[in-house]
Structure formats: C-alpha cells, structure tokens
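Chemist: just the structure for this:
(one chain, ligands or ions: 1)
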Amino acid sequence: MKILLINTPRSPFNGILQYAPEEAKPFIHKKLIGPPLGLLTLAAAVKDYEVIVFDTKAEYDLFPDTPELKKLVEKLIIEHQPDIVGTTVITSELYYGKEILQTVKSINPNITTIIGGQYVNIRLEECYDKDIDIAIQGHGGQKLREISLAKEKGMSLKNIPGIHINNGVGFEKTQGVEKAWDAAGENFIMPDRKLLERWRQAYRVQSAPSPTTYLYTSLGCPFKCTFCSIWKENCGAYYKRNIHSIIEELISIDYDIVRFADANTIVDISFIDELFSQIEKHGIKKEYIMDIRADVAVNNPKLIEKLAKNGLKVVICGFESYKEAELNKYNKSSSASYIEQAIELFHDNGIMLRGNYVIPTNYTPEDFKAMSDYAGQHKVAYAGYTVLTPMPGTDYYDEVKNDIIDKDLRKYNFFNAVLPTYLPLEEFYREVGSLWLIRKGKDVI
Ligand code: B12
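Modeler: As a prediction, the model looks like this:
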C-alpha cells in the first residue's frame, strides 16, 4: 500500500502586491514559507505503509522551472504509482486541491482520492467533486489509517465510521461510532521531518541563517475573533500537548529555528512557563518564533523575559487595529493600548516583532492617513497590513455575506478585497501596499 500526500500550491492572487508602489513591493509577502505540518502528522499516523509527502509550495519555490500543477501531479502519479492520494486545503487552496485530485483520477481511477484540512472542516459541501472519493473532517490520522487498512484488505470503506464518501451527487457520512482521536494528547505521533528533506532549503525565511521547522504545542484557540476560522473549526476547543512530548520532539528536531504553529502559543501561562523551564533544564538551544497576543505579553513581562533568555527571537502579534471600536467589533478581547506597551516589552527583550494589522475595505483616505500616522509612531521590526476578509465559516462572513462581490475563493487569503471598497479598488490596494513601508526591518519575514 502506497500513500502519497500532496501539499497544495499557494494561491498567487495578491492585489496588495500587484498595485503597491514599487518601493513597497520588496516588503510585501509573496509567499509564506513553512513545512506542511498537517500532512507530516498524517504521514506519521500511517507510517507502517510506504508514505510520500510532496510539498508543491516548496517545489515551486526551489525549482521555478517545475511544470504547472497538472503536469507535476501526472509525473508524481506515474513515478510513485500510489494506491491512495490525499491533499490538504485551506480556503484559498480548495481550487488547487480539487485540481490535484482530478488529475489523479484522470490518470488512474482506481486510486482512492481524499481531501482534508481547514476548508473541509468548515465547508464540506463545497469541497465535493466527482473525482474526490472521500472527505475527512477533523484530525484525520485515525481515519486515514482505517482507510489504508480497508483498502489493503479489499474491504468496503463504508464500514469506517465518520468519513464522508462520494455518492455521485455529494458526500454522505458513514454510520457508526467514531474512534476517539486526541491529536494533541495520547494520539500525538511524532512527525518525521526527513520526509521533507528535499525541500529543507525552501523553509528558510529570507535573511534567516538556517531553515525553520514547525511544531505545535496546542490545537484550537479559546479566543473568538470574528474574522478567524480557527475557533469555529474546533468548536471553541483548545487542547494542549504534553510537555514531555514537546521536549522529546524539540530534542529530536535537527533544525535550529522552530516556529510554534499554534493559534496563540501563550494561552496557559503556567504551561508555557513550565515548557521553557524544561527547555532550559534540557539545555535545548534553538531559536523560536511564536504568535503571542499583545495583552498577554504585557500582562506577563517576566514570562517574556524568560522566553527571550531561552531562545524566543521573533514574535508575531495580531494587532489588528489601533482603534478600540474596531477591536471590539472583531471581538478581539484586547485593547489598543496594549500595542505600545507590547512593542516596548518585546524590543526591551531583544525580540523582533512582527505586528499585523487588518485593513477594512471601507477605509477612507482619512482612515489610511490615521493608520499610517499611528503605525509610523509605533514602528516594529516587521509590519504586515492585510485586508480584512470574510473567510467562509467566520462570524464576519455571516455579517457581510450579502455584500460580497468576489466569490473566487483563491482570493480569500487576506491579500485581496472581496467586499466593495470605499476607494476605487486599485487605489485601495495602493494605500494598503504603501503601509508596508512603515517598519524598522530591512527584509521580509
Ligand atoms: C502552519 C500554517 C501555515 C504554513 C504551512 C501550511 C501548509 N500546508 O503548507 C504556511 C506558513 C505555509 C501557511 C501559509 C498560509 N496560511 Co496558514 N496556517 C498555519 C497554521 C499556523 C498552523 C496549521 C497547522 O500546521 N496545524 C497543525 C496541523 C497538525 O493541523 P492541520 O493542518 O489542521 O491538519 C490536520 C487536520 O486538519 C487534518 N487534515 C488536514 N489535511 C488533511 C488531508 C487529508 C487527506 C486528511 C485525511 C486529513 C487532513 O488532519 C491533520 C493532522 O491531524 C494555521 C493556524 C492554526 N493554528 O491552525 C494557519 C492557517 C491555516 N493559515 C491560514 C492562512 C490564511 C494562510 C495564508 C493564506 C496566509 C497568507 N495570507 O499568505 C497562507 C497560504 C499559503 C501562502 N500564501 O503561502 C489560515 C486559514 C484561514 C482560512 N479560513 O483559509 C489559518 C487558519 C490561520 C488563521 N488564523 O486564520 N500557513
């Protein structure tokens, strides 16, 4: 039994980059770089079989002459002759996930095609395609195992509880009691990063001395921001991993830079405090990147100091807005006053800060001027300014869905306006693009 897990390419749609002033373009994200941790985790769950993970994002980054997606997938199928092909999709990548699995079926209809990931969790019906045999919601390790076993033994997949099987017009959920699968707890399986060795150099952020790998210490998020789909996907649940398991993973990792792929790394103060005590005790010397809320940092300066002492180098902070009214509307549960204090705290601890703001499409020239004045007075090493986007499945989507003018999901990556803009569209993008010039750092992270 051979299982091929293909990471989708990233969507190239980026209105901000397209219309930004030339001098701002070098600072705007053209790509986010990181290994596909979800697929690596799945590969670990079926490691008794032959598993190949193929990262198309990294392949296109490292080898720009790589053929277009259809040709690339054809080549992979002919070369590996898999029995099962799976792919993972977030909103902006659904289109590419479907293209991958359609190509698989066009070459060999006997291959079982499976789709999973964030968008499947949120909008199962939209993921339907005649060429997709199965959709899996949630953390799919156990189900992928059961599918592989059934296929190996020639048994019907209908006997596997809780999977969504293509019935010709849609997905139909199979009956029966699903086995519990605690992806952060007892069912956590150590990912094997060697499966991604081919692309190691692709996971190097521009000026970084070495490549970065990802690791999660938790899944889900207890906060309920209106523009975010993570808490919706996990029904508000938040799960922590076992500290010993995280330490074991850190020790096993042969990367010097580790990005914690949590929605928010510091949620439980004593958990992170203990994790970093253990990192210190075990003499683990790595550099860390993590997402931390401004309010949490400001309220826990001693913890930030301890993290910095033990390797925390870069923090990504969702500032979202400097206006209290907007933060309240987003249900951010924080105050703009924390931004200034967080900047000072991180800088005092020698931590590079990436502060991200989301820009609503109804911003007027006055709003842009005020935003730019504020950001100019509160400069961070790296700042990101993306478009407030109604991601399907979020509260914000429900609020504005009737106003949406662009339904092409490839544009739902926070770099495009899909709602009407107050300014003419190109001018809006130019304004957002210009904001990227307000920063201290000289490169992109
Ligand atoms: C790591 C990460 C990335 C990485 C790697 C992603 C990849 N596949 O290559 C990188 C840095 C490349 C990335 C990029 C982007 N990301 Co991102 N990313 C994350 C992050 C922080 C963690 C995801 C993760 O690894 N989780 C842990 C793993 C174990 O879980 P998982 O991926 O969900 O996989 C499990 C299940 O879903 C399921 N499953 C998943 N796939 C499949 C497939 C099959 C076949 C099966 C059976 C099961 C299955 O089983 C897996 C194992 O248990 C999340 C936020 C979060 N904390 O969830 C955002 C997140 C997924 N990203 C997001 C976004 C928006 C982006 C970008 C569009 C950002 C941007 N503006 O550029 C880009 C897209 C690509 C690009 N432009 O480069 C959003 C998606 C929102 C949405 N509604 O679409 C999220 C939710 C962040 C947020 N707060 O909104 N991202």
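Chemist: wait, doesn't Tyr96 sit right on Lys70?
Modeler: No - Tyr96 is beyond contact range of Lys70, at 10.5 Å (criterion: C-beta atoms under 8 Å). The way it works is simple: take the backbone N, C-alpha and C, and place the C-beta from them, glycine included.
Chemist: so between those two, which is more surrounded?
Modeler: Using other C-beta atoms under 10 Å as the criterion, Tyr96 and Lys70 rank with Tyr96 on top: 20 against 13.
Chemist: residues of the chain that sit close to the ligand?
Modeler: 7, 10, 29, 31-32, 34, 36-38, 41-42, 57, 86, 88, 90-92, 114, 116-118, 136, 139-141, 144, 183, 214, 216, 228-230, 261-263, 391, 413-415 (C-beta under 6 Å from any ligand atom).
Chemist: which of those are buried?
Modeler: Burial by neighbour count, 16 or more other C-beta atoms under 10 Å: within the residues of the chain next to the ligand this picks out 7, 10, 29, 34, 36-38, 41-42, 57, 86, 88, 90-92, 114, 116-118, 136, 139-141, 144, 183, 214, 216, 228-230, 261-263, 391, 413-415.
Chemist: Asn264 reaches Ile292, doesn't it?
Modeler: Yes - in terms of C-beta under 8 Å, Asn264 counts as a neighbour of Ile292; the distance is 7.0 Å.
Chemist: who has more neighbours out of the two?
Modeler: Comparing Asn264 with Ile292 by other C-beta under 10 Å, the one with more neighbours is Ile292, at 27 against 19.
Chemist: which residues touch that one?
Modeler: By C-beta atoms under 8 Å, 6 or more residues apart in numbering, the contact set of Ile292 is Asn264, Thr265, Ile266, Ile304, Val315, Ile316, Cys317.
Chemist: three-state assignment of the second one?
Modeler: Assigned with DSSP: H, G, I helix; E, B strand; the rest coil, Thr265 falls in the coil class.
Chemist: assign the nearest residue to it once chain neighbours are set aside to helix, strand or coil.
Modeler: The shortest distance from Thr265 to any non-neighbouring residue, by C-beta to C-beta, 6 or more residues apart in numbering, is to Met290 (3.9 Å). At Met290, secondary structure determined by three-state DSSP is strand.
Chemist: show me what Met290 bridges to in the sheet.
Modeler: Beta bridges link Met290 to Val315, judged by DSSP bridges.
Chemist: I'd say it and Leu312 touch.
Modeler: Yes - using C-beta under 8 Å, Met290 is in contact with Leu312, at 6.7 Å.
Chemist: between these two, which is the more surrounded one?
Modeler: Leu312 (25 against 22).
Chemist: any idea how far Lys153 is from the ligand?
Modeler: 19 Å (C-beta to the nearest ligand atom, to the nearest Å).
Chemist: run a quick neighbour tally on that residue.
Modeler: When neighbours are counted by other C-beta under 10 Å, Lys153 comes out with 8.
Chemist: which residue ranges of the stretch 151-300 of the chain form strands?
Modeler: Here the stretch 151-300 of the chain has its strands, by DSSP state E, counting those that start in this stretch, at 164-166, 171-173, 212-215, 218-220, 238-240, 257-260, 287-291.
Chemist: just the mean pLDDT for stretch 208-218, thanks.
Modeler: Mean pLDDT, stretch 208-218: 93.
Chemist: gap between that stretch and the chain center?
Modeler: 13 Å (C-alpha atoms, centre = their mean, to the nearest Å).
Chemist: now swap in stretch 345-352 and tell me
Modeler: Using C-alpha atoms, centre = their mean, the offset of stretch 345-352 from its chain centre is 25 Å.
Chemist: over to stretch 92-103?
Modeler: 17 Å.
Chemist: how about Gly34, what does it touch?
Modeler: Tyr203, Thr212, Tyr214, Arg259, Ala261.
Chemist: which SS class is it?
Modeler: Assignment for Gly34 (three-state DSSP): coil.
Chemist: and it, how close does it get to Phe27?
Modeler: Distance, Gly34 to Phe27, by C-beta to C-beta, to the nearest Å: 19 Å.
Chemist: so where's the stretch 1-150 of the chain uncertain?
Modeler: The model of the stretch 1-150 of the chain has no residue with pLDDT under 70.
Chemist: quick one: the helices in the stretch 301-445 of the chain?
Modeler: Ranges of helices in the stretch 301-445 of the chain, per DSSP state H, counting those that start in this stretch, are 301-309, 324-329, 337-348, 365-377, 395-400, 425-435.
Chemist: buried deepest among those, which one?
Modeler: helix 425-435 (a mean of 20; mean count of other C-beta atoms under 10 Å).
Chemist: and the contacts of it?
Modeler: 15-21, 24-25, 28, 357, 359, 361, 363, 365, 368, 371-372, 375, 383, 385-387, 417, 421-423.
Chemist: ok, the spatially closest residue to Asn413 that is not a sequence neighbour - contacts?
Modeler: Excluding the flanking residues, the one nearest Asn413 by C-beta to C-beta, 6+ apart is Ser92, at 3.9 Å. Shown in contact with Ser92 (C-beta under 8 Å, 6+ apart): Arg10, Ser11, Phe13, Leu409, Arg410, Lys411, Tyr412, Asn413.
Chemist: flag every buried residue along whatever helix or strand Ile6 lives in.
Modeler: Per DSSP states H and E: Ile6 is located in strand 2-7. Buried residues in strand 2-7, counted by 16+ other C-beta under 10 Å: Ile3, Leu4, Leu5, Ile6, Asn7.
Chemist: for the third one, list each beta-bridge partner.
Modeler: Beta-bridge pairing of Leu5, defined through DSSP bridges, involves Val53, Gly86.
Chemist: and Thr386, by the same measure?
Modeler: Bridge pairing for Thr386 (DSSP bridges) gives the partners Val358.
Chemist: so who does it touch?
Modeler: Per C-beta under 8 Å, 6+ apart, neighbours of Thr386: Ile16, Asn356, Tyr357, Val358, Ile359, Phe414, Phe415, Val432.
Chemist: which of these lies closest to the ligand?
Modeler: Phe414 (4.3 Å; C-beta to the nearest ligand atom).
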